[in-house]
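Asker: sequence and computational prediction follow.
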Amino acid sequence: MNMRPNVETFIGCNCDYDDADIVLYGAPFDSTTSYRPGARFGSAAMRHESFGLETYSPYLDRDLTDCRIFDSGDLELCFGNAESALADIQLHATRILDDGKFPLMLGGEHLVTLGAVRALLSRFPDLHILHFDAHADLRDDYLGATLSHACVMRRCYDLLGDGRIHQFCIRSGDREEFRFAKEHTDLHPFGFSGLDSLTEALAAQNTPVYFTLDLDCLDPSVLPGTGTPEAGGVGFPALLDAIRLVCRTRVVGADLNELAPLLDASGASTATACKILRELLLLLAPLP
């Protein structure tokens, strides 16, 4: 009888690293969360609860067991120093890119996206960001902190500049954030209007895209287990359709964040997040 270490991965994501096309990694960080903490537990919960999910998707007629995906587990991040955590995320994403693989990060709060974007931008200087979220995340600072999940898209804007951040489902932010967005980002509030034409244009130009998915873009009736729930979000079928559109573009990196599993004792939020991740992985993975 062969004994093996008890290492938990997301279901179906147990390929060897050398053979993998996609590398999952967790960024369990929520030190700048402005309302309800707990997103640091999101990635581990998704791995654990994924075994209540089938590897097969009837939406796509594809199966995770046919894909080459490696789960590298959670990073050990410094909770007391946001810049240190971002540097570790950037280093890990850079290694994945250097090895010719696709980095897919599981948050954590949304600030973790900045570390991954820094890594991708060094490889793809013409990078664009597709951002699904309830919140604009365009504050210049939050209570004096410039590194906050409320500021993550503003910090990404500092790196990318005008017209390269495309925001959908946004329905919350202060007045200055919406004014800033009208001048500097491509804002599509409340839903996915305009996503079809945008993704068609990005695909035609072969533009490298980083896709960041904050789960609170979903209505809290669908996913209440998140730190800053915001009424008026989209439903699960609409989100799946939108993810399919995004994956028509040249996506070079992605993340899924802001699941706070302990805030939904039913487990429904984690189960929903797992299903979204399965569909995203299957859409990003090369066909066997």
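Answerer: Yep, it's here. Residues are numbered from 1 along each chain as shown.

Asker: got the contact list for stretch 189-204?
Answerer: The contact list for stretch 189-204 (Cβ atoms under 8 Å, 6 or more residues apart in numbering) reads 128, 130, 166, 168-171, 186, 188, 209, 232, 234, 238, 241-242, 245-246, 248-250. C-beta coordinates here come from the backbone N, C-alpha and C atoms, glycine included.

Asker: quick one, grab the pLDDT at the nearest residue to D219 once chain neighbours are set aside.
Answerer: Distances taken as Cβ to Cβ, 6 or more residues apart in numbering put G233 closest to D219, at 3.5 Å, once the chain neighbours are dropped. Note on G233: pLDDT of 98.

Asker: which residues does G233 contact?
Answerer: G233 sits in contact with A134, C169, R171, D216, C217, L218, D219, P220, V222, where contact means Cβ under 8 Å, 6+ apart.

Asker: where do the helices of the stretch 1-150 of the chain begin and end?
Answerer: Under the criterion DSSP state H, counting those that start in this stretch, helices of the stretch 1-150 of the chain are mapped to 42-49, 82-98, 112-123.

Asker: put the alpha carbons of the shortest one into PDB.
Answerer: Which is helix 42-49. Extracted as PDB, the C-alpha positions of helix 42-49 are listed here (Å, rounded to 0.1, in the frame of the first residue of the first chain):
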ATOM      1  CA  GLY A  42     -11.700  31.900   0.500                       C
ATOM      2  CA  SER A  43      -9.100  29.900  -1.500                       C
ATOM      3  CA  ALA A  44      -8.800  27.100   1.100                       C
ATOM      4  CA  ALA A  45     -12.600  26.800   1.400                       C
ATOM      5  CA  MET A  46     -12.900  26.500  -2.400                       C
ATOM      6  CA  ARG A  47     -10.400  23.700  -2.500                       C
ATOM      7  CA  HIS A  48     -12.200  21.800   0.300                       C
ATOM      8  CA  GLU A  49     -15.700  22.300  -1.000                       C
END
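
Asker: element containing the closest residue to G52 other than its chain neighbours?
Answerer: Nearest residue to G52, sequence neighbours excluded (Cβ to Cβ, 6+ apart): A271, at 6.6 Å. Following DSSP states H and E, one finds A271 within helix 268-284.

Asker: how far off centre is that helix?
Answerer: Averaged C-alpha coordinates place helix 268-284 at 11 Å from its chain's average position (Cα atoms, centre = their mean, to the nearest Å).

Asker: what does stretch 74-81 give?
Answerer: Distance of stretch 74-81 from its chain centroid, counting by Cα atoms, centre = their mean, is 18 Å.

Asker: show me what counts as buried in it.
Answerer: Neighbour-count burial for stretch 74-81 flags D74, L75, L77 (criterion: 16 or more other Cβ atoms under 10 Å).

Asker: just the mean pLDDT for that stretch, thanks.
Answerer: Averaged across stretch 74-81, the pLDDT comes to 92.

Asker: and the end-to-end length of that stretch?
Answerer: Stretch 74-81 has an end-to-end distance of 17 Å (criterion: Cα to Cα, to the nearest Å).
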